[in-house]
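# Fold the following.
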Amino acid sequence: MRGFIAIAAALLIACGPPSRDGNLGGGDDDDDGNGGPGGDGQCPAGAELVYVIDQFSHRISQFDPSTKTFVDLGQLPCQPRAGATPFSMSVDRTGTAWVLYSSGELFHVGLQGLGCTPTAWASPNNMLVFGMGFSTDAVGGGAESLFIGGGRSQTQASYTLARVDPATMATTTIGQEPELPEMTGNSNAELWGFFPSATTPRVVQFDKTNGTFVKEFPLPQLAGTMTGYAFAHWGGDYWVFLLKNGESSTTVYQVNGQTGAITSTTPAPGRTIVGAGVSTCAPVVIM
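Numbering: from 1, shown residues only. Okay, here's the model as predicted:
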């Protein structure tokens, strides 16, 4: 597999958590702080970037929000049950992607080398399909938790929001949500989500203690029947990766983190993006 692509120049002036030189996750679960969950809270090179997964090709790519361009890293070598496709993704502070398949199986993928390791995830509360995002436990801290929102299927009346301890995989239910969100967190200890809807799509900030909304940005421009979506933060803004019925590929929408206005629209030809992961090492503001 191809190695890690150099960090974009814009990140060199990004305000965010401290980083250190090093490699991205190596696709194993060793507790060495470099290649899997349970690291030392520091940020290896490349953990500041956004990564996306294609539903049909199983291709994982790097997305650079500063230039709005993609670089393909390779195809996921994970071996889920027959017929399963990528469903959602997040990235932890060690540079390891957590990839959920439509079968409910959860894998760890090292973003350098793309080594893939199955986890012991057991789908508590019938949560087979869900969006997810890491958020630091304290502003500027190195400890983080994984938040997931979903249920047994994509056609339920409500969905469960829960916190997952990355070290033990123990799950604590927080609240209920009316729709299935994709989620992202940041080093400000915030948790955000995108709710797709034919009539009322929106970006929201969650209260991490009970799942209620702290902020809500309606996005009527994105209304319509949606066949694929993903969500990530970067540089203080929010990035919606969206494919609607009748469209041939994903479009990337940049949402201003202060006003909720859509400030840019970027086509992604040939891509059906269903997972977008960014770690809490990503910048929260660009100088």
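
# Can you show me the CA trace of stretch 71-79 as PDB?
Presented in PDB, the C-alpha positions along stretch 71-79 are these (Å, rounded to 0.1, in the frame of the first residue of the first chain):
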ATOM      1  CA  VAL A  71      -5.500  11.700  -2.400                       C
ATOM      2  CA  ASP A  72      -6.300   8.000  -2.600                       C
ATOM      3  CA  LEU A  73      -4.400   5.800  -0.100                       C
ATOM      4  CA  GLY A  74      -5.600   2.300  -1.200                       C
ATOM      5  CA  GLN A  75      -8.300  -0.200  -0.800                       C
ATOM      6  CA  LEU A  76      -9.300  -1.500   2.700                       C
ATOM      7  CA  PRO A  77      -8.200  -5.100   3.200                       C
ATOM      8  CA  CYS A  78     -10.800  -5.800   5.900                       C
ATOM      9  CA  GLN A  79     -12.800  -9.000   5.500                       C
END
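
# what about the helices in this structure?
Assigned by DSSP state H, the chain shows no helices.

# Need the outlier residue of it, farthest from its centre.
residue 246 (24.9 Å; CA atoms, centre = their mean).

# neighbouring contacts of stretch 200-216?
135, 147, 161, 163, 174-177, 181, 183, 189-195, 217-220, 222-223, 226, 231, 238, 240, 255, 260 (CB atoms under 8 Å, 6 or more residues apart in numbering). Using the backbone N, CA and C atoms, a C-beta is placed for each residue, glycine as well.

# now with 7 Å?
135, 147, 161, 174-177, 190-195, 217-219, 222-223, 238, 255, 260 (CB atoms under 7 Å, 6 or more residues apart in numbering).

# Show me what counts as buried in it.
201, 202, 203, 204, 205, 206, 208, 211 (16 or more other CB atoms under 10 Å).

# Determine which two of those residues are furthest apart.
Largest separation among those by CB to CB: 201 and 208, giving 22.1 Å.

# buried sites along stretch 167-183?
Buried residues in stretch 167-183 (16+ other CB under 10 Å): 171, 174, 175, 177, 179, 180, 181, 182, 183.

# Between the two ends of that stretch, what distance do you get?
In stretch 167-183, first residue to last residue: 20 Å (CA to CA, to the nearest Å).

# show me where the stretch 51-200 of the chain has strands.
Secondary structure of the stretch 51-200 of the chain (DSSP state E, counting those that start in this stretch): strands at 59-64, 69-75, 86-91, 96-101, 106-110, 116-118, 129-136, 144-151, 159-164, 171-177, 182-185, 191-195.

# Can I get those in CSV including distance to residue 285?
As requested, those are exported to CSV (distance: least, CB to CB, whole Å):
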stretch, distance to residue 285
strand 59-64, 17
strand 69-75, 21
strand 86-91, 19
strand 96-101, 24
strand 106-110, 28
strand 116-118, 33
strand 129-136, 15
strand 144-151, 19
strand 159-164, 26
strand 171-177, 27
strand 182-185, 15
strand 191-195, 15
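
# Good, wrapping up.
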